[in-house]
Structures are given as C-alpha cells and as structure tokens.
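**Q** please work out how this folds:
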Amino acid sequence: MNFNYIYYTFLISLTCYLFYKLIVRLHLSRAKHGSLRGHSKWSRRIAKQIPYFSYAEKDYFNSDGAPESIANQRSVALQKLRKQIKESSPNTLHKNSEIESSISDVQFTSHYRVPFPYREVLSPEFKLGSMADKTEGVKVRDLDGNWRYDLSGSYGVNVFGYDFYKECMAAGTEKAKELGPVLGAYHPLIAENVQMIKAVSGLDEVSFHMSGTEAVMQAVRLARYHTGKTHLVRLCGAYHGWWDGVQPGIGNGRKTHDVYTLADMSDHTLHVLNTRKDIACVLINPLQAFHPNADSASDVSLVASDRNTHFDKQSYSLWLSRIRAVCSKRNIVLIFDEVFTGFRLSYQGAQGFFGIQADMVTYGKTLGGGFPVGVLAGTHSLMKRFKQDKPVDVSFARGTFNSHPYVLGAMHEFLSRIQQPEYQLMYQQSEQVWDARVARFNQKLTAENIPLCITNMHSILSVIYTRPSRYNWMLQFYLKQSGVELSWTGTGRLIMSFAFSEQEFDEVIECFVQAAKQMEQDGWWWQSPSLTNKSIKRQFLTDMLSAKYPILAGVLAQPLHQINSSELTEDASKSTADKSNTIQKAG
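**A** Residues are numbered from 1 along each chain as shown. Coordinates of the predicted model:
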C-alpha cells in the first residue's frame with residue numbers, strides 16, 4: 001500500500017512537473033517572432049540548405065518576365081554604366097582589385113552587394129568596394145578625384161561631419177603627444193572623460209574597451225556575474241556586434257544555448273521576462289525602433305519590393321518603459337547597446353530620445369572622436385569585478401589598448417565640444433530638422449513620379465521601393481555615378497551627418513532623382529500586370545528549388561512567364577492608367 005502510494009505520488013508529481021515545463025516552453029515559443037529571424041537555430045539549419053544558383057546571361061535581364069526588347073535595353077544600359085565606371089574611376093578600381101585577394105573583408109563585401117543569383121554576370125567594376133583618399137565636410141573623394149556626398153556615415157561614426165572629427169583627432173593627439181603609447185598607466189584626461197560620460201549616461205562607473213563588440217561582451221559578462229543567472233534576451237533582428245554570444249543565428253558557427261531571441265513589441269515577450277528565473281539581462285539596440293523584428297535592410301536581400309520600416313517613437317517609448325518595469329521587478333539587467341545610436345539621437349543618446357534609464361549602456365563609434373573605442377557605463381553594483389566576501393570569485397576583463405592616450409585625447413575633445421551651445425542647439429532641433437528634410441525629399445520624389453519613398457528615424461534613412469521589381473539593387477550603382485557614396489549594404493541604410501546644409505541635402509535629392517530617372521529610362525523598373533511582390537518571391541523560390549532539385553525544373557510553375565508582344569500591347573494602356581495606383585499599393 002505504501003509502495004503504491006509513493007509510486008502514484010511520484011507519477012502525479014512528475015506529470016505535473018512535465019506539464020509545467022511544457023507550459024513554460026510554450027510561452028517561450030509564443031514569445032518568438034514568427035519569422036526565421038525569430039528562430040535562430042532553424043535559420044541556421046535552413047541557411048545551410050539554400051543552394052547557390054546564378055542566372056545565365058540569357059535569363060539575367062528578363063528574370064522578371066520582361067520581353068526581349070526590355071532585356072536588350074537593360075543589357076546595353078549595364079555595359080554603358082560599366083564603361084562610365086571604368087572611365088571615371090580607373091585608379092580606384094585598380095587599387096581595389098590589388099587588395100581584394102588579400103583582404104577577406106573586401107572579398108565578402110564584393111560578393112554581398114546584390115542578391116546572389118545576379119552576382120556572377122556583374123563585372124568587377126560593380127563588385128569592388130570603395131577607396132578614398134580625402135574628405136571635406138559632407139563629401140568623400142575617391143582616388144580619381146571624384147567627390148561624392150557621403151551617405152555611408154562611416155558605419156555611424158560620422159555624426160558631425162568629417163572636418164569635426166579630423167579636428168578632434170588632431171587636438172586629441174596634441175593633448176597626449178607628450179605621453180605617447182603608454183599603456184597601463186592612465187593619461188590624466190581619463191578623469192574628465194569619465195565625469196562627462198557619467199553625466200551623459202546617468203550612471204556611476206565606466207570601463208574602456210577597444211570596440212563596441214568588446215563593450216557588449218563585458219556588459220553581458222557582468223550581468224551574469226552579478227545576477228547569477230545564465231541567459232540573455234535579445235530582440236528579433238537586433239545586431240549587437242559579431243561576438244557569437246549575442247549572434248545565435250546565421251553568421252555564427254558555434255551553437256549558442258544561453259540566448260533567447262524574442263519578438264519586439266510583444267506582450268508574450270513581457271510574459272517570458274516576468275516569469276522565467278534564468279534571464280540575466282535584456283539587450284536593447286534602440287535602432288530596432290526603426291524596423292522592429294527585422295534585420296537592418298541591405299541590398300543583398302533586395303529580392304522584391306517589400307522592404308519596409310515602421311518607426312513610431314511614441315509606441316516604442318511605451319514598449320521600452322514596459323521592459324524597464326519588468327526588468328526592475330525581476331532583477332534583470334537592462335542594457336542599452338548604444339554603440340550605433342549613442343550621441344546621434346540626442347545628447348544623451350537613445351536614453352534621452354526615448355526617456356528610459358538603463359542599468360548599463362554601451363557606447364562606441366563616434367565617442368572616440370574619430371578613433372576606435374568601446375565604452376561601458378553602469379551602476380556601482382553592476383560594474384564591480386570582484387566580490388568582497390569571495391576574493392577568488394572575480395569577473396575578469398582586460399585589454400592591452402584599453403584607454404589608449406590618443407583615444408582618450410580625441411574623446412576628451414569630442415565630449416567637450418558637444419557640450420558647447422551650438423551643438424546643444426543642434427541636438428534640440430535635429431529631430432524636427434531631419435523629419436522636415438525627409439518630407440521634402442518625398443515631396444520631390446512624388447512630384448517626379450519616381451517609385452521610391454524615403455523613411456527615417458532621425459538622421460538615419462532608408463529607401464523603400466514602391467513598385468514591384470527584381471532589379472531595385474541596381475539603384476546603388478546609378479547613385480554612385482550621380483554623386484552619392486553608400487556603404488556596401490547599399491540603399492537599406494543611409495547614415496547622414498548633422499553637417500549637411502539645406503542646400504547640400506537638396507543636392508542629394510537631385511542626385512537621387514537623376515539616378516532614378518536614368519534607371520527608369522534604362523528599363524529596370526519595367527512593369528506588367530503579373531509582376532507583383534508575391535509572384536517575384538514565388539519565382540525566386542521556384543528557381544532555388546530547381547537549382548537544388550534539378551528534376552523539378554520542368555515541373556514547378558513559373559509565375560513570371562515571358563509576356564509576348566500581343567499581351568504587352570493589350571495591357572499597355574491599362575498599365576499606364578493604373579500606374580499611380582500600383583505605386584501606392586506595392587511594397
């Protein structure tokens with residue numbers, strides 16, 4: 001009898017425990033975003049199964065079902081553009097080709113500028129990256145003397161214009177030149193830097209590192225050390241550096257089991273934070289407010305015209321305040337990763353922009369005044385690297401070049417300058433200035449009947465394509481020829497400095513108009529009634545499956561069939577009449 005009682009008690013307890021674990025797991029699953037970005041392990045598995053394929057030249061120019069006349073027009077346009085690039089930038093192209101086989105970054109960026117099926121037919125003139133030898137104000141010059149408006153923003157470093165940073169670097173070097181590269185001992189400027197960073201961050205202590213990735217690594221390590229908990233939470237689509245501990249999906253070869261990737265702006269995510277006991281910290285990249293639950297846009301993924309952004313400052317501020325409340329309640333460290341957004345969105349970064357105080361904040365990019373740097377600020381209790389009552393239980397973190405004197409000098413110059421009234425006024429007006437500029441940009445695009453829309457979060461812009469197309473990625477090359485410098489990711493993210501005058505911004509608009517009109521004239525935005533974003537993506541899937549399983553090539557449906565001349569003539573008037581309506585509905 002006793003044995004039976006114990007047995008059934010154990011069985012009931014085990015059942016209850018397993019049921020509880022199942023419920024907890026279901027809540028975690030519901031808190032993940034429905035896309036592959038929200039399921040890191042599945043994204044990696046599927047990424048390994050995606051085959052490489054390339055459009056042969058005969059299919060390259062009509063992969064959207066365009067007639068032969070349009071395909072020929074595109075082919076001629078591409079050769080003309082290639083000739084223009086070769087003639088205008090021979091020295092730049094030669095120097096780039098010289099280093100491509102020796103620098104892995106150049107090889108990577110050369111291959112990932114356009115969707116991969118279009119990579120092979122593009123000549124080297126299009127694949128190679130940029131090289132520059134001079135900057136001035138908001139412009140950058142290549143090795144052939146071509147000046148372009150810089151919309152790359154040096155990955156976010158350039159908030160105030162290149163002249164500002166060259167001055168910071170020169171002044172900073174002058175301040176520290178008597179000490180030189182002494183490491184270990186601190187230059188006395190560190191004391192003033194720390195006080196200024198504390199004032200900006202609203203936190204108690206600071207540690208210095210050589211990159212934003214390192215600063216994030218240290219923040220996560222200290223959060224785990226002080227909470228005694230194992231897992232971190234990152235929001236779907238957010239980037240926190242290349243360290244595999246915060247990059248569990250594609251791009252990381254190591255299995256990561258202590259990271260939860262949860263949906264942005266989701267009540268299910270708040271429930272997980274409020275109920276689980278293993279979460280040490282929540283990492284917030286404030287730039288996700290621009291495109292919640294989506295990766296940063298890049299032209300390499302510009303398969304169709306369905307790129308979009310969804311910035312709503314009020315909604316995201318409320319969302320962050322709810323996360324702040326849950327973290328305070330559950331002893332979860334709230335970390336703002338401001339490596340990119342710090343000192344851009346406001347003088348106090350995203351904390352000031354959204355009105356939220358974090359427990360830890362990481363900085364990088366622009367804070368070094370032009371030099372590489374990573375900085376972590378946090379509360380006294382979280383920044384401590386040892387435990388008073390356990391002398392061997394430490395959280396170790398060092399770095400040979402942390403607090404390099406020249407970096408500290410440039411940082412001191414940067415932090416001192418931006419406290420001046422002219423920069424504080426710039427901060428106060430910047431949000432309204434950039435919203436107004438983007439509105440003017442879109443008015444011009446609409447007036448010129450160009451199938452583009454510009455969205456923004458402050459001074460960070462993105463190009464949205466409003467007409468279904470498989471060739472939107474071509475715009476980056478037309479823009480370069482019209483006088484605009486982009487990063488290797490293309491039109492997905494335009495990072496503009498505060499140094500742009502109204503006249504210079506208007507000239508950028510004209511560059512876009514000129515490039516877009518030429519692209520339209522060259523046939524890349526040809527339209528037909530059957531060309532929709534849905535049909536484009538279905539065709540891409542068909543092509544991919546046919547490449548992986550050749551036996552299916554003749555069986556799978558071809559959504560974008562070749563339209564013959566009679567169909568084209570029959571639909572021409574209707575297509576023209578519906579053009580403006582199509583632009584509104586697409587994307």
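**Q** quick one: distance of the longest helix along the chain to the chain centre.
**A** Criterion DSSP state H: the longest helix present in the chain is helix 2-30. Taking CA atoms, centre = their mean, to the nearest Å, one finds helix 2-30 lying 43 Å from the centre of the chain it belongs to.
**Q** and it, what does it pack onto?
**A** With contacts taken as 3 or more CB pairs under 8 Å, 6 or more residues apart in numbering; DSSP states H and E, helix 2-30 sits against helix 267-275. To be clear about C-beta, it is placed using only N, CA and C from the backbone, and glycine gets the same treatment.
**Q** buried sites along the helix it packs on?
**A** Within helix 267-275, the residues that count as buried by 16 or more other CB atoms under 10 Å are 268-270, 272-273.
**Q** closest one of those residues to Ser317?
**A** Leu270 (15.3 Å; CB to CB).
**Q** what about the helices in the stretch 301-450 of the chain?
**A** 313-330, 349-354, 380-383, 405-417, 421-447 (DSSP state H, counting those that start in this stretch).
**Q** among those helices, which is nearest Ser123?
**A** helix 421-447 (29.6 Å).
**Q** elements contacting the closest one?
**A** Using 3+ CB pairs under 8 Å, 6+ apart: helix 421-447 touches strand 452-457, helix 502-521.
**Q** return the most buried member of those.
**A** Comparing those by mean neighbour count (mean count of other CB atoms under 10 Å), strand 452-457 ranks first with a mean of 22.
**Q** parallel or antiparallel, which strands does that one pair with?
**A** strand 460-465 (antiparallel) (DSSP bridges).
**Q** what's the angle between the strand it pairs with and helix 502-521?
**A** 20 degrees (axes from the mean of the first three to the mean of the last three CA atoms, to 10 degrees).
**Q** so for strand 460-465, what's the average pLDDT?
**A** Averaged across strand 460-465, pLDDT comes to 97.
**Q** as PDB, could you dump the C-alpha coordinates of whatever helix or strand comes next after the longest helix of the chain?
**A** Per DSSP states H and E, the first helix or strand lying C-terminal to helix 2-30 is helix 40-49. Output in PDB follows, covering the C-alpha atoms of helix 40-49 (Å, rounded to 0.1, in the frame of the first residue of the first chain):
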ATOM      1  CA  SER A  40      17.900  31.200 -34.600                       C
ATOM      2  CA  LYS A  41      18.500  27.500 -34.700                       C
ATOM      3  CA  TRP A  42      16.100  26.900 -37.600                       C
ATOM      4  CA  SER A  43      17.500  29.900 -39.500                       C
ATOM      5  CA  ARG A  44      21.000  28.300 -39.400                       C
ATOM      6  CA  ARG A  45      19.700  24.900 -40.400                       C
ATOM      7  CA  ILE A  46      17.800  26.300 -43.300                       C
ATOM      8  CA  ALA A  47      20.600  28.600 -44.400                       C
ATOM      9  CA  LYS A  48      22.800  25.500 -44.900                       C
ATOM     10  CA  GLN A  49      20.200  24.000 -47.300                       C
END
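**Q** picking up where we left off before, show me the one of the helices and strands packed on helix 421-447 that comes nearest Asp393.
**A** strand 452-457 (41.9 Å).
**Q** re the thing from before, now, which of the buried residues of helix 267-275 sits nearest Pro181?
**A** Using CB to CB, the buried residues of helix 267-275 come closest to Pro181 at Leu273, 44.3 Å.
**Q** any regions of the stretch 1-150 of the chain where pLDDT drops low?
**A** 1, 7-8 (pLDDT under 70).
**Q** flag every buried residue along the longest helix of the chain.
**A** So for helix 2-30, counting by 16+ other CB under 10 Å, buried means 28, 30.
**Q** show me where the stretch 201-350 of the chain has its strands.
**A** 205-209, 231-235, 259-262, 279-284, 333-338 (DSSP state E, counting those that start in this stretch).
**Q** most tightly surrounded among those strands?
**A** strand 333-338 (a mean of 28).
**Q** and that strand, what does it pack onto?
**A** Packed next to strand 333-338, using 3+ CB pairs under 8 Å, 6+ apart, are helix 212-227, strand 279-284, helix 313-330, helix 349-354, strand 360-363.
**Q** so the third one versus strand 279-284, what angle?
**A** In this case it means helix 313-330. Using the same axes, to 10 degrees, the direction of helix 313-330 lies 160 degrees away from that of strand 279-284.
**Q** who does helix 313-330 touch, helix- and strand-wise?
**A** helix 267-275, strand 279-284, strand 333-338, helix 349-354.
**Q** the last one now?
**A** Applying 3+ CB pairs under 8 Å, 6+ apart, one finds that strand 360-363 makes contact with helix 189-201, helix 212-227, strand 333-338, helix 349-354, strand 374-378.
**Q** do the second one as well
**A** With contacts taken as 3+ CB pairs under 8 Å, 6+ apart, strand 279-284 sits against helix 212-227, strand 231-235, helix 267-275, helix 313-330, strand 333-338.
**Q** any chance of these in CSV, with distance to Ser89 and mean pLDDT too?
**A** Shown next, in CSV, are the helices and strands packed on strand 279-284 (distance: least, CB to CB, whole Å; pLDDT from 0 to 100):
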stretch, distance to Ser89, mean pLDDT
helix 212-227, 32, 95
strand 231-235, 40, 96
helix 267-275, 47, 95
helix 313-330, 40, 97
strand 333-338, 36, 97
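**Q** closest to Asn4 out of those?
**A** Here helix 267-275 is closest among the helices and strands packed on strand 279-284 (CB to CB), at 35.1 Å.
**Q** spatially nearest residue to Val106, not counting backbone neighbours?
**A** Glu100 (4.9 Å; CB to CB, 6 or more residues apart in numbering).
**Q** assess the claim that that neighbour and Thr109 are in contact.
**A** No. Using CB atoms under 8 Å, Glu100 is not in contact with Thr109; the gap is 9.7 Å.
**Q** so can I have a markdown table of the strands of the stretch 201-350 of the chain showing distance to Lys32?
**A** Output for these, formatted as a markdown table (distance: least, CB to CB, whole Å):
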| stretch | distance to Lys32 |
| --- | --- |
| strand 205-209 | 31 |
| strand 231-235 | 11 |
| strand 259-262 | 6 |
| strand 279-284 | 14 |
| strand 333-338 | 20 |
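**Q** excluding its backbone neighbours, what's nearest Ile50?
**A** Ile50 sits nearest to Met544 (CB to CB, 6+ apart), 6.7 Å away.
**Q** doesn't that neighbour lie inside a strand?
**A** No. Assigned with DSSP: H, G, I helix; E, B strand; the rest coil, Met544 falls outside any strand and is helix.
**Q** that one: neighbour count?
**A** Counted with other CB atoms under 10 Å, residues neighbouring Met544 total 16.
**Q** touching, it and Ser54? I think so.
**A** No. Using CB under 8 Å, Met544 makes no contact with Ser54, being 11.6 Å away.
**Q** check what pLDDT the most centrally placed residue in the chain gets.
**A** In the chain, the centroid-proximal residue (CA atoms, centre = their mean) is Ser296; its distance is 3.4 Å. Predicted confidence (pLDDT) at Ser296: the value is 89.
**Q** for it, what are phi and psi?
**A** Taking degrees, to the nearest 10, you get phi -60, psi 130 for the backbone angles of Ser296.
**Q** ok, what's across the strand from Tyr465?
**A** Applying DSSP bridges, one finds that Tyr465 bridges with Leu452.
**Q** how close does it sit to Leu452?
**A** Shown here: Tyr465 relative to Leu452, a distance of 6 Å by CB to CB, to the nearest Å.
**Q** next: Tyr225.
**A** 48 Å.
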